[in-house]
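>>> whatever this is, show me its structure:
(chains A, B, C and D)
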Protein chains: 2
Amino acid sequence: MAEPHELRQKGLRLTPQRELVLSAVRELGHATPEEVAEKVRRTHPGINLSTVYRNLETLENVGLVQHTHLGHGGATYHAAEELTHLHLVCGKCGSVGDAPIEVAANFVNALADDYGFKTDVTHFAVYGTCADCVLTDV
Amino acid sequence: MAEPHELRQKGLRLTPQRELVLSAVRELGHATPEEVAEKVRRTHPGINLSTVYRNLETLENVGLVQHTHLGHGGATYHAAEELTHLHLVCGKCGSVGDAPIEVAANFVNALADDYGFKTDVTHFAVYGTCADCVLTDV
DNA sequence: TAGGAAAGTGCGAATCTCTCGCAATTAGTA
DNA sequence: TACTAATTGCGAGAGATTCGCACTTTCCTA
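Presented below is the predicted three-dimensional model:
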């Protein structure tokens, strides 16, 4: 136990709520703040929604989690170490698929070369129609 | 004047509000519902915000306008015929640049070939850092 | 061309999501 | 152990969108 907790290494105080929020994000994979709160409440019923929002923001500032936009309005959070894929959101069925970021490598390079734009492909989802719905489509 | 109005062709009733919303979207290029309402109110002060929302949705259903997500929460609306470019949103300065959809052609094809996913590149913005901010960046 | 059904509008209330202020609590430090 | 600053809980508040409902308007039909 000589090594400091990862949260402490980032200069954050170690509170039960903070740890719970972080582990909830890690366990859930994709999660909205609301879902994180719900998950945390299973073991810690008293936790406040504001606290969840604030901790997600704090954890994002130190790089432990990141958010992406999968649709409509709400952001969804991921553990930073899992953000190695992009999201394929289907507009018909609402499913969220994954694809390795390498698929977008050429696209990212083209934007960098032609526009000097440095793209973060994981921040927004890729919207469209999934394979199943393309087939089902009338 | 023998040919029916484009709204009627789509099976919609022709109301002044509807026409105003549609032409506002066309004139504005990118616009949030709030901006559309503001624009319409210059000539038709009484129009209700609910009506704007409802008409945007209706017009989207018949394919005359489309919405995209440029950031945070709010959707922005475009006339369908103008959606020929993708949006490069800078996370630092908030600027929104354009790029022709052709830049994404390979990317779109790769997703189609590998995952059967039919991508609508214009629906979500492409997030990253614009050329100016990349230079300015420390 | 008048009459009426159905679509559309205005209005206000209700939701949902997220942010803020403030007082009480707690972690980490000396 | 005592102190200070960070953190939490809670309730209020802001912004965006949706909904119900009564009234109005469009457009089809006789």
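>>> flag every residue of chain A that's near DNA strand D.
Proximity of chain A to DNA strand D, by CB under 7 Å from any atom of the strand, involves residues A:12-13, A:15, A:17-18, A:46-48, A:50-51, A:54-55, A:58, A:73. Where C-beta positions appear, they are placed from N, C-alpha and C, glycine not excepted.
>>> which among those residues are in contact with DNA strand C?
Among the residues of chain A next to DNA strand D, DNA strand C is touched by A:13, A:15, A:50, A:73 when using CB under 7 Å from any atom of the strand.
>>> from those residues, which land in helices?
residue A:50 (DSSP state H).
>>> got the ones next to DNA strand C among the residues of chain A next to DNA strand D as JSON lines, with distance to residue B:24 columns?
Formatted as JSON lines, these follow (distance: CB to CB, whole Å):
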{"residue": "A:13", "distance to residue B:24": "50"}
{"residue": "A:15", "distance to residue B:24": "49"}
{"residue": "A:50", "distance to residue B:24": "38"}
{"residue": "A:73", "distance to residue B:24": "23"}
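>>> most neighbours among the ones next to DNA strand C among the residues of chain A next to DNA strand D, which one?
Among those, the one with the most neighbours (other CB atoms under 10 Å in any protein chain shown) is residue A:15, at 12 neighbours.
>>> give me the pLDDT for it.
Looking at residue A:15, its pLDDT stands at 96.
>>> do the one 10 residues further on as well
The pLDDT attached to residue A:25 in the predicted structure is 97.
>>> does it sit in a helix, a strand or a coil?
Per DSSP: H, G, I helix; E, B strand; the rest coil, the local secondary structure of residue A:25 is helix.
>>> so it versus chain B, what's the distance?
Distance of residue A:25 to chain B, given as CB to the nearest CB, to the nearest Å: 20 Å.
>>> could you do residue A:95 as well?
Separation of residue A:95 from chain B (CB to the nearest CB): 10 Å.
>>> before we move on, what about residue A:44?
From residue A:44 to chain B the distance is 28 Å (CB to the nearest CB).
>>> ok, now residue A:15?
Distance from residue A:15 to chain B, by CB to the nearest CB: 28 Å.
>>> quick check: the two most widely separated of the residues of chain A next to DNA strand D?
A:13 and A:73 (30.6 Å; CB to CB).
>>> contacts for stretch A:110-124?
A:66, A:68-69, A:83, A:85-87, A:101, A:104, A:107-108, B:69, B:88, B:90-91, B:97, B:99, B:103, B:106, B:124-131, B:134 (CB atoms under 8 Å, 6 or more residues apart in numbering or on different chains).
>>> tell me where chain A has strands.
Using DSSP state E, the strands of chain A run over A:65-69, A:75-79, A:85-90, A:96-100, A:118-119, A:126-129.
>>> point out the most buried one among these.
Of all the strands of chain A, strand A:126-129 has the most neighbours on average by mean count of other CB atoms under 10 Å in any protein chain shown, namely a mean of 23.
>>> picking up where we left off before, export the strands of chain A to CSV and tack on mean pLDDT and distance to residue A:32?
Shown next, in CSV, are those (pLDDT from 0 to 100; distance: least, CB to CB, whole Å):
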stretch, mean pLDDT, distance to residue A:32
strand A:65-69, 93, 9
strand A:75-79, 94, 5
strand A:85-90, 91, 14
strand A:96-100, 91, 12
strand A:118-119, 95, 24
strand A:126-129, 92, 18
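>>> need those in TSV (columns: distance to DNA strand C).
Shown next, in TSV, are the strands of chain A (distance: least, CB to the nearest atom of the strand, whole Å):
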stretch	distance to DNA strand C
strand A:65-69	9
strand A:75-79	5
strand A:85-90	16
strand A:96-100	16
strand A:118-119	23
strand A:126-129	18
